[in-house]
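J.: output the structure for:
(one chain, ligands or ions: 2)
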Amino acid sequence: MDPIRVIRGMRDLLPEQTRWWRWMEQRLDGVMDRYGYAEIRTPVLEHTGLFARSIGQETDIVAKEMYTFADRDGSSLSLRPEGTAAVVRSFIENNLGKKEPLHRLFYRGPMFRHERPQKGRYRQFYQLGAELFGSAHPSADVEIIEVAVGCLQAIGLTDFSLELNTQGCPVCRPGYREQLTAYLREHERQLCTDCRRRLASNPLRVLDCKQAACTAVAEAAPHLLDHACDDCRQQFDQVRAGLEKLGIGGRLNHRMVRGLDYYNRTTFELLAAGLGAQNAVAGGGRYDGLVESMGGIPTPAVGFAAGLDRIVLLLEQQVAEPERPPLLFIAAQPGYWLETLPLLQQLRQAGFTAVNDVRQGSFKSQLKRADRLGARLVLLLGQDEIEQGTVTIKDMQAPSDSERKQWQVERGGLLQEIGGFLER
Ligand code: ATP
Ligand code: MG
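T.: Numbering: from 1, shown residues only. Ligands and ions are numbered 1, 2, ... in the order given. So this is what the prediction gives:
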């Protein structure tokens, strides 16, 4: 029978990879703690309407990329393609804003989009995201960008750049939209079919099209910042001033519109070298109207999401391997396996990583296994050791067995001996 294979665009993360993931996740959690962001966990399945209403019917995500299916009762469900919609749903549903409008939340987990799989682009991928609810002040935008940048810095990544733009607001965007539409109509024949359709439904999306012809048209398009109202312009200036103060800086990219319709004012992306076309590692922005439009009390908000799969790709290229705790391996002469149990228990209780050979083969085969597993020390239990109440410690550092030092210690002094040895 043919074995069943993993679904296209989805992957197993094996121990070689999860080592990196766990190392990274610990550090990222530390960043969230230091900025006062508390974790929220929402389900991976939601009513399809949640995403259609928040992300926008016309976006690629909702129009083409969602995993949508009918539940047993016929209602339409979708695997979440991003995190913000569900966090906003939960914020409203649990009345989080009632007592205290200011909330700092973060989430981490798998997202699902039916895209063309390639390096750094998968159909199940992982995001870490943070949302700051309750402030329209530019200091909130600055904080969110600082957190996103802080995440990359906390894991030792330095080769990335920040791009910024503003999406305006309901006061100034309609005027800009008209100007942009008029300009795009003049160049309609140069645009791809998708963009000709977008012209009527969502002309700002044309700015983001990756087709060469559309890019050329977009280059010369009017800039939103030139049409922004005073409030939006001031907000943007303040955000930039805040980022300057922090030494973060950032480059204005007039053509950046994000892949989700809910954004207003500040939007940003972090781009990293070394990932080819999939160079965006994080993106976010302000979404002041979303909570109200989803039925909540008006609550300004700003947030970001980082793509962890891409960050791990960078880590594997750039950062020295995460350290593993030293492995202790207990080898016992056949017939003495029961004696290994309290010893293992004692070592683990003391915080060591300790295993034995549960196949319980010959002494020799146990030692071979210890070698293959990369054990730092092997603790030998033979008849002599058991009769004398001792353990023989073997230092596995040297490559060949003849060079490996071994010595015997009293059972009572074992933990101290190992602790001292490993610290050296
Ligand atoms: P892209 O332009 O690369 O498609 P996006 O704008 O669709 O990215 P967002 O929705 O802003 O991405 O999600 C935030 C981050 O999540 C991205 O910057 C990226 O690092 C990551 N991401 C998005 N889609 C995928 C995917 N299919 N596979 C892996 N990571 C992804
Ligand atoms: Mg995308």
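J.: next, the buried residues of the longest helix along the chain.
T.: Selection of the longest helix in the chain by residue count, based on DSSP state H, yields helix 15-34. By neighbour count with 16 or more other C-beta atoms under 10 Å, helix 15-34 contains the buried residues 20-21, 23-25, 28-29, 31-32. For every residue, glycine as well, the C-beta is placed using N, CA and C.
J.: likewise for stretch 207-217?
T.: For stretch 207-217, by 16+ other C-beta under 10 Å, it's 207-209, 211, 214, 217.
J.: now swap in stretch 284-302 and tell me
T.: Under 16+ other C-beta under 10 Å, the buried positions of stretch 284-302 are 284-291, 294, 296, 299-302.
J.: follow-up on the earlier one: of the buried residues of stretch 207-217, which belong to strands?
T.: Among the buried residues of stretch 207-217, DSSP state E puts none in strands.
J.: break the protein into its domains for me.
T.: Using automatic domain parsing, the domain parsing of the chain gives 15-172+228-318, 327-423.
J.: which of those is buried the deepest?
T.: domain 15-172+228-318 (a mean of 18; mean count of other C-beta atoms under 10 Å).
J.: what mean pLDDT does that one have?
T.: The pLDDT scores in domain 15-172+228-318 average 95.
J.: start the count at 4, not 1, going forward
T.: Right, with 4 as the first residue, what we last looked at is domain 18-175+231-321.
J.: measure it end to end?
T.: One end of domain 18-175+231-321 sits 19 Å from the other (C-alpha to C-alpha, to the nearest Å).
J.: where does whichever residue of the stretch 104-253 of the chain sits closest to ligand 1 land in three-state SS?
T.: At 3.4 Å from ligand 1, Phe128 is the closest residue in the stretch 104-253 of the chain, using C-beta to the nearest ligand atom. Three-state assignment for Phe128 (DSSP: H, G, I helix; E, B strand; the rest coil): strand.
J.: likewise for the one 4 residues further on?
T.: State at Gly132, reduced to three classes by three-state DSSP: strand.
J.: report the contact partners of it.
T.: 85-87, 90, 109-111, 287, 306-309 (C-beta atoms under 8 Å, 6 or more residues apart in numbering).
J.: which one of those residues is nearest Gly415?
T.: Set against Gly415, the nearest of those by C-beta to C-beta is Arg111 (44.4 Å).
J.: which of the buried residues of stretch 287-305 sit farthest apart?
T.: Between all members of the buried residues of stretch 287-305, the farthest pair (by C-beta to C-beta) comes out as Gly287 and Gly299, at 19.5 Å.
J.: wait, Gly52 touches Ser78, no?
T.: No. The criterion here is C-beta atoms under 8 Å, and Gly52 misses it with Ser78 at 9.3 Å.
J.: ok, Ile43 touching Phe109?
T.: Yes. Counting by C-beta under 8 Å, Ile43 does reach Phe109; the two are 7.2 Å apart.
J.: re earlier: next SSE downstream of the longest helix of the chain?
T.: strand 41-42 (DSSP states H and E).
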